[in-house]
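Participant: This is the structure alone, sequence omitted:
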């Protein structure tokens with residue numbers, strides 16, 4: 001009997017154990033049986049979310065925020081047509097209708113919001129146009145001579161923003177920059193090339209080189 005048990009134990013020891021990587025998780029089994037895709041990892045979900053943000057940083061429509069100065073024209077209503085500034089709360093204050101939210105809206109969307117508010121007052125069929133008189137400022141930080149706030153100039157790039165701030169310091173890294181911008185109301189910080197477009201309200205950061 002002892003010989004039989006010894007032989008049996010030797011036979012069992014020679015049976016290889018399944019490698020750890022061959023273990024099938026429940027989600028993988030569901031994918032094999034029903035064609036469902038296994039859930040993405042956190043890293044994969046982050047990468048997927050970052051792609052559309054990076055792709056649209058220079059193409060998304062311009063939206064209004066505090067500091068933008070606007071020209072609002074209400075056709076046939078000279079008392080309402082005037083220059084207005086988006087205040088710190090992201091709103092503009094107009095006669096008759098009070099404050100209207102402007103933050104996060106395009107000029108066309110703001111014109112629609114003002115039109116809707118005027119319809120609730122005594123104007124039967126208002127026609128409203130909104131254009132930007134002066135853009136809100138942008139900011140330059142990091143390895144530039146004079147970091148700070150500057151008036152926006154249409155057509156600016158990250159490189160020209162650094163030039164407006166007095167140029168680079170000797171320690172500046174000039175091959176790429178960081179731009180911080182609100183996209184869909186959320187601040188996003190991305191690494192961009194020197195020719196990347198700058199928008200009003202952006203913060204351009206020139207990093208320090210390490211060699």
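Facilitator: Arrived safely, thanks for sending. All values reported here derive from a predicted model rather than from experimental measurement. Numbering: from 1, shown residues only.

Participant: what's next to stretch 137-144, contact-wise?
Facilitator: Residues outside stretch 137-144 that contact it (Cβ atoms under 8 Å, 6 or more residues apart in numbering): 67, 147-152, 156, 161-162, 164-169, 171-173, 178, 198-208. (C-beta placed from N, C-alpha, C; glycine too.)

Participant: now do stretch 83-97
Facilitator: Taking Cβ under 8 Å, 6+ apart as the rule, stretch 83-97 contacts 64-72, 79-80, 99-104, 110, 114, 117-118, 120-122, 133, 136.

Participant: and with 10 Å instead?
Facilitator: 64-72, 74, 77, 79-80, 82, 98-105, 110, 113-114, 116-123, 126, 128, 130, 132-134, 136 (Cβ atoms under 10 Å, 6 or more residues apart in numbering).

Participant: can you tell me the average pLDDT over it?
Facilitator: The pLDDT scores in stretch 83-97 average 94.

Participant: Counting neighbours, show which residues of that stretch come out buried.
Facilitator: 84-86, 90-92, 94, 97 (16 or more other Cβ atoms under 10 Å).

Participant: can you put those residues in TSV and add secondary structure and distance to residue 187?
Facilitator: Output for the buried residues of stretch 83-97, formatted as TSV (DSSP: H, G, I helix; E, B strand; the rest coil; distance: Cβ to Cβ, whole Å):
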residue	secondary structure	distance to residue 187
84	strand	26
85	strand	22
86	coil	18
90	coil	15
91	strand	20
92	strand	23
94	strand	29
97	coil	31
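
Participant: ok, back up a step: just the ones of the contacts of stretch 137-144 in helices?
Facilitator: 161-162, 164 (DSSP state H).

Participant: how long is stretch 142-160 end to end?
Facilitator: One end of stretch 142-160 to the other measures 15 Å (Cα to Cα, to the nearest Å).

Participant: Give me every residue in contact with stretch 150-161, excluding its own residues.
Facilitator: 67-68, 132, 134-140, 144, 163-165, 168, 174, 176-179, 192-206.

Participant: what about residue 158, how many residues close to it?
Facilitator: 22 (other Cβ atoms under 10 Å).
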